[in-house]
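**Student:** Predicted model follows, preceded by the sequence.
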Amino acid sequence: MNIALVPAAGSGSRMASVTPKQYLDLASKPLIWHTLSALAKVAELDRIVVVISPEDEWWDSFDWSEFKRLEVLRCGGASRAESVLNGLQTLQAGPEDWALVHDAARPCLDPALVSQMIIELVNHPIGGILAVPVADTLKLAQAGQHIAHTHPRNGLWQAQTPQMFRVAQLAHALAAGMGPDITDEASAIEKLGLQPKLVMGSPWNLKVTYPQDLRLAKLILAATGDNSEI
Ligand SMILES: Nc1ccn([C@@H]2O[C@H](COP(=O)(O)OP(=O)(O)OP(=O)(O)O)[C@@H](O)[C@H]2O)c(=O)n1
Ligand SMILES: C[C@](O)(CO)[C@H](O)COP(=O)(O)O
């Protein structure tokens, strides 16, 4: 079974908005609507499980009935990793089911990339992540936002989501390795000494983190012919 697990319990502090960014208006829908709409187009997904904060006061104000495979768990935690672990421990999945963890904050996901990812990884011994090779030159900043040095970029990729791992192994990895260094599922799996696969993603699969990202996401949705009202 393939289960999309959508961590959506963040507060969006870098967005500088009272409303958590997953509920901010994007092309006339709440941002997370676009994320769920993309996942709903992936026929290979059996379940779509959203993890929201127990204190979430926005979710119930929307009608999600159009999403037939959708489930919501009010078990978000203090960190993204905790929200994902709580979701894995609550969703009552089989240990060998695949969990595809996808940020609610990535609304421009191309469903075809997820289908391709499942094809590439369904028989893989570990699992893997969508990612894109680093294209820019990288600088390490020092005091006063001056360049300390140029960081070699050969072989560097930027991790995206979904990140696809077996439910039991991912829950074990997160429970064993939780900490500030665990900012994605793959980093917990790597701590077990395993090497997840990099699956080519898209620069359009951006994470809406800062206010300017919202405008870029709207442009991408318009360019990709998303079926929301623009
Ligand atoms: N305790 C948390 C923190 C984050 N997330 C989710 O993880 C995804 C990626 O996290 P991020 O972009 O950092 O979202 P926020 O934590 O909300 O943003 P910020 O770090 O700016 O506060 C988001 O969909 C967010 O809702 C979560 O489920 N639980
Ligand atoms: C999981 C992730 O989107 C991969 O790039 C990223 O690590 C999330 O980081 P955030 O600080 O929780 O947004």
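**Tutor:** Happy to help now that I have it. Ligands and ions are numbered 1, 2, ... in the order given.
**Student:** Would you mark the buried spots in the longest strand along the chain?
**Tutor:** Using DSSP state E to define each element, the chain has its longest strand at strand 157-166. Within strand 157-166, the residues scored as buried using 16 or more other Cβ atoms under 10 Å are Ala159, Gln160, Thr161, Pro162, Gln163, Met164, Phe165, Arg166. For the C-beta atoms, the positions are set from N, CA and C on the backbone; glycine is no exception.
**Student:** which parts of the protein sit against ligand 1?
**Tutor:** 7-14, 22, 51, 76-80, 83, 103-105, 207, 209 (Cβ under 6 Å from any ligand atom).
**Student:** Next, see if the longest strand of the chain gets close to ligand 2.
**Tutor:** Yes: under the criterion of Cβ under 6 Å from any ligand atom, strand 157-166 makes contact with ligand 2 via Ala159, Gln160, Thr161.
**Student:** Next up, the contacts around the closest residue to ligand 1 within the chain.
**Tutor:** Nearest residue of the chain to ligand 1: Gly10, at 2.1 Å (Cβ to the nearest ligand atom). Gly10 sits next to Pro20, Lys21, Gln22, Gly76, Arg80, Ser83, Ala104, Ala105 when contact means Cβ atoms under 8 Å, 6 or more residues apart in numbering.
**Student:** Which member of the residues you listed is positioned nearest Gly94?
**Tutor:** Ser83 (20.9 Å; Cβ to Cβ).
**Student:** Just give me the neighbour total for the residue nearest to Cys108 when sequence neighbours are not counted.
**Tutor:** In space, not counting the residues next to it along the chain, Cys108 is nearest to Ile220; the distance is 4.5 Å by Cβ to Cβ, 6 or more residues apart in numbering. For Ile220, the neighbour count with other Cβ atoms under 10 Å is 19.
**Student:** What of Met200?
**Tutor:** Neighbour count for Met200, taken as other Cβ under 10 Å: 14.
**Student:** That one pairs with what?
**Tutor:** Residues in a beta bridge with Met200, per DSSP bridges, are Ala131.
**Student:** Pull the contacting residues for it.
**Tutor:** Applying Cβ under 8 Å, 6+ apart, the residues contacting Met200 are Leu130, Ala131, Val132.
**Student:** Just give me the longest helix of the chain.
**Tutor:** helix 211-223 (DSSP state H).
**Student:** Now do the buried residues in that helix.
**Tutor:** Asp213, Leu214, Ala217, Lys218, Ile220, Leu221.
**Student:** What's the mean pLDDT across that helix?
**Tutor:** Across helix 211-223, the average pLDDT comes to 97.
**Student:** Is the residue lying farthest from the centre of the chain part of a helix or strand, or is it coil?
**Tutor:** What lies farthest from the middle of the chain is Gly144; by Cα atoms, centre = their mean that is 32.2 Å. Three-state call for Gly144 (DSSP: H, G, I helix; E, B strand; the rest coil): helix.
**Student:** now the strands for the chain?
**Tutor:** Under the criterion DSSP E, strands of the chain are mapped to 2-7, 25-26, 29-30, 47-51, 70-73, 98-101, 127-133, 138-142, 146-151, 157-166, 197-200.
**Student:** Pipe the ones you listed into JSON lines and attach distance to Gly177 and mean pLDDT per row.
**Tutor:** Listed next are the strands of the chain as JSON lines, based on distance: least, Cβ to Cβ, whole Å; pLDDT from 0 to 100:
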{"stretch": "strand 2-7", "distance to Gly177": "17", "mean pLDDT": "98"}
{"stretch": "strand 25-26", "distance to Gly177": "33", "mean pLDDT": "98"}
{"stretch": "strand 29-30", "distance to Gly177": "32", "mean pLDDT": "98"}
{"stretch": "strand 47-51", "distance to Gly177": "19", "mean pLDDT": "98"}
{"stretch": "strand 70-73", "distance to Gly177": "22", "mean pLDDT": "98"}
{"stretch": "strand 98-101", "distance to Gly177": "15", "mean pLDDT": "98"}
{"stretch": "strand 127-133", "distance to Gly177": "16", "mean pLDDT": "98"}
{"stretch": "strand 138-142", "distance to Gly177": "25", "mean pLDDT": "97"}
{"stretch": "strand 146-151", "distance to Gly177": "25", "mean pLDDT": "97"}
{"stretch": "strand 157-166", "distance to Gly177": "13", "mean pLDDT": "98"}
{"stretch": "strand 197-200", "distance to Gly177": "19", "mean pLDDT": "98"}
